[in-house]
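Q: Attaching a predicted model along with its sequence, questions to come.
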Amino acid sequence: MRRGRAGGPFVSSVNRVKRSASLAAILILVIVAFLAGTWTARGPKEGGGARKVLYYVDPMNPAHTSDKPGVAPCGMPLEPVYADEDPAARAAGTKVPPLPAGSVRINPEKQQLIGVRIDEVAPKTLSHTLRLTGRVAVDETRLYRVATVTEGWIRELGAATTGSIVKKDEILGAYYSQEVQGPQQAYLYALDALDRFQASGTATPDQITLNMKNVQNTRQALRNLGMGELQLDEIQQSRKASPNVLIRAPASGIVLQRNVTMGQQFDRTLDLFVIADLSRAWVLADAFEGDAQYLAPGATATVIHPVLRRTFSGRVSAVPPVFDAASRTLKVRLVVENPGLVLRPDMFVDVELPIRAQETLAVPVDAVLDSGSSRIVFVERGEGFFEPRSVTTGWRAGDQVQILSGLMAGERIVVSGNFLIDSESRMKAAVGGMTAPAEKDPVCGMGVAEAAARAEGRFSDYQGRTYFFCAPGCKEAFDANPAAFLGAGAAGTAPAKPAASTSVDPVCGMKVDAAPARAEGRTSEHGGRTYFFCAAHCKKAFDENPASYLKDQGDHAHD
């Protein structure tokens, strides 16, 4: 037991030495790994496989650049801009075709970091619900005015007031008019004469017919003076004149106006009451001019009372929409059944109209950067390059927007993370404009970074002046015939824009300069014409089925 206790401290010392050795070994491995990582990170920038640095830029101020590394005025190290990150200065042997200014290259790691998501452009059949606001109005075909054609004064008034709901033929009041008394007596005399002739047994058929016409004429005279059929029937049965003319409701509905009071004297053509039959109402919906195309006559819509949450079925009237200058909208009339008279004039309601559009090219709304004056999408061009492309948009359906021009089916675009790509694109465009001479390719007219063009041999000397090109194809076309692209500007101070014709790509509708397209083989012959294309995939699609792209093209190609 004593030997075991004596060996305890020795064993502990050995263990401590072993642990110290293990910790030292781990520390050495960490340092070696850190140095190896540092060397790996710097390796591509040095040695035989080094990436080519074009210039250095202040990370906080793109306007400040330098051809040497160092420290920026903000205190941060200058960041290098590499040739393989600049679309205008990448190697001539790359598989990616020349890209316009503002194109950027983003490696896969950075794409994942900023959340870039790419999707393919494809035709879609979209359906969505068009939501509008509307106002309830009276159906003009169901509006009734109880008017007078004589002078008189009110003798009786019922309980109906503005807002009251009345039934057809309900008595609303009565008035006295001197002009009605004489025609009433004539009507009674005609009735008595007809009774005598019919009872005599000696009257001829012509005499009876004549008396019947006399009764009809006197009855019609009373109708013209405002007396209703029910009151005329009562006079015919009682054979007594009525001192007053009864005012009856011409239809069931709501009283919109009551314009008389008890004992009031009135003149001719006064509207005593205005009554509306609301069993069917109108809804005037506000629609933008671009939405009017979906509001076809007969289309079914759902009208929603926003407070009661009750729904009503309606249909778009055949009457064309009326433009309202105050709201700058089209007033679309909907005819709506109104059971229970829930909808009242001047109420606001919601309108939902289901729409199913034809198949068309559409992309997510988030894929389009809308600045107001232009709409941009970023198109993937391979090897991490993204090209900003101007597009023309149409209608919007939910989270999808129609593309009228600028894209074609099969192209891949950025649908998420494009704001950060746009920021980098704008920064690169700004840096390029501040650091590179304002040179233009004399063949295609695109802006060219002089440093990158010199580094890749994309320049030519002609008549004592150096011209720079965006792509080898443009340089080859220029070298073959410089005068064709310089014209009168050959001896001037700046290259002139070529007089070559401009055509339209029959596949995607984009404008194409004929000379560089011909130099790069982006042409096809069909039907005795030469067609030019903005990219190889457009030419391939055309060659597979030319007829499908020439139906509506007109004179879009130049030979």
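A: Arrived safely, thanks for sending. Residues are numbered from 1 along each chain as shown.

Q: Look up the pLDDT of Ala452 for me, please.
A: pLDDT for Ala452: 67.

Q: Correction: the previous question concerned Pro495.
A: In this model, Pro495 is scored at 42, pLDDT.

Q: now Pro320
A: 91.

Q: again with Asp559
A: pLDDT, Asp559: 41.

Q: And Val17, by the same measure?
A: 50.

Q: The closest residue to Trp395 other than its chain neighbours: neighbour count?
A: Once flanking residues are discounted, Trp395 sits nearest to Gln402: 5.2 Å by Cβ to Cβ, 6 or more residues apart in numbering. Bear in mind the C-beta positions are built from the backbone N, C-alpha and C, glycine included. Each residue near Gln402 was counted by other Cβ atoms under 10 Å, and the total is 17.

Q: would Gln402 count as being in a helix?
A: No - counting by DSSP: H, G, I helix; E, B strand; the rest coil, Gln402 is not part of a helix but strand.

Q: For it, name its beta-bridge partners.
A: Ala362 (DSSP bridges).

Q: how close does Ser460 sit to Ala477?
A: The gap separating Ser460 from Ala477 is 11 Å, by Cβ to Cβ, to the nearest Å.

Q: Name the residue in the two with the higher neighbour count.
A: Shown here are Ser460 and Ala477; by other Cβ under 10 Å, Ala477 has more neighbours (26 against 17).

Q: need the contact list for the residue nearest to Leu407 when sequence neighbours are not counted.
A: Nearest residue to Leu407 in three dimensions, chain neighbours excluded: Val121, at 5.2 Å (Cβ to Cβ, 6+ apart). The contact partners of Val121, taken as Cβ atoms under 8 Å, 6 or more residues apart in numbering, are Leu361, Val363, Ile403, Leu407, Met408, Ala409, Gly410, Glu411, Arg412, Ile413.

Q: are any of the residues you listed buried, and which?
A: Buried subset of those (neighbour count, 16 or more other Cβ atoms under 10 Å): Leu361, Val363, Ile403, Leu407, Met408, Glu411, Ile413.

Q: Dump the residues you listed into CSV; add pLDDT as well.
A: Formatted as CSV, the buried ones among the contacts of Val121 follow (pLDDT from 0 to 100):
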residue, pLDDT
Leu361, 88
Val363, 91
Ile403, 89
Leu407, 88
Met408, 86
Glu411, 90
Ile413, 92
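
Q: what about stretch 119-135, start to end distance?
A: Stretch 119-135 has its terminal residues 42 Å apart, counting by Cα to Cα, to the nearest Å.

Q: try stretch 506-520
A: 17 Å.

Q: mean confidence score for it?
A: What stretch 506-520 shows for mean pLDDT is 76.

Q: Show me the domain layout of the protein.
A: Domain ranges of the chain: 2-87, 88-126+360-432, 129-139+277-356, 149-269, 436-491, 502-549, per automatic domain parsing.

Q: Buried residues of the longest strand anywhere in the chain, list them for me.
A: Counting by DSSP state E, the longest strand found in the chain is strand 127-137. By 16+ other Cβ under 10 Å, the buried positions in strand 127-137 come out as His128, Leu130, Leu132, Gly134, Val136, Ala137.

Q: From Ala292, how far off is the third one?
A: For Leu132, the distance to Ala292 (Cβ to Cβ) stands at 11 Å.

Q: and if you look at the last one?
A: Ala137 is 19 Å from Ala292, where distance means Cβ to Cβ.

Q: could you list every residue that touches Ala221?
A: Applying Cβ under 8 Å, 6+ apart, the residues contacting Ala221 are Pro183, Ala186, Tyr187.

Q: Okay, now the unreliable bits of the stretch 251-400 of the chain?
A: Counting by pLDDT under 70, the stretch 251-400 of the chain shows low-confidence ranges at 357.

Q: Where does confidence bottom out across the buried residues of strand 127-137?
A: pLDDT is lowest at His128 among these; the value there is 79.

Q: how about the nearest residue to it, chain neighbours excluded?
A: The spatially closest residue to His128, leaving aside those adjacent along the chain, is Ala397, at 4.0 Å (Cβ to Cβ, 6+ apart).

Q: Could you tell me which residues make contact with the one you found?
A: Neighbour list for Ala397: Leu126, Ser127, His128, Ile355, Ala357, Ala362 [criterion: Cβ under 8 Å, 6+ apart].

Q: Relative to Ser242, which of the residues you listed is nearest.
A: Distance to Ser242 across these (Cβ to Cβ) is lowest for Ile355, with 59.2 Å.

Q: do you know how far the closest one is from Leu270?
A: From Ile355 across to Leu270, the span is 48 Å (Cβ to Cβ).

Q: do Thr392 as well
A: Relative to Leu270, and taking Cβ to Cβ, Thr392 is found at 60 Å.

Q: When these two are compared, which one has more neighbours?
A: It is Leu270, of Thr392 and Leu270, that has more neighbours when counted by other Cβ under 10 Å, with 16 against 13.

Q: my read: the more buried one touches Val146, true?
A: No - with contacts counted by Cβ atoms under 8 Å, Leu270 stays clear of Val146, the gap being 9.5 Å.

Q: which residues touch Ala137?
A: Per Cβ under 8 Å, 6+ apart, neighbours of Ala137: Ala281, Trp282, Val283, Leu284, Pro345, Asp346.

Q: how near is it to Gln264?
A: Taking Cβ to Cβ, one finds Ala137 at 30 Å from Gln264.

Q: Low-confidence bits of the stretch 1-150 of the chain, can you list those?
A: Per-residue confidence for the stretch 1-150 of the chain (pLDDT under 70) gives these ranges: 1-51, 59-64, 74, 83-101.

Q: Report the strands that pair with the helix or strand hosting Arg315, each with its relative direction.
A: Assigned by DSSP states H and E, Arg315 falls within strand 311-316. If you go by DSSP bridges, strand 311-316 pairs up with strand 300-304 (antiparallel), strand 329-337 (antiparallel).
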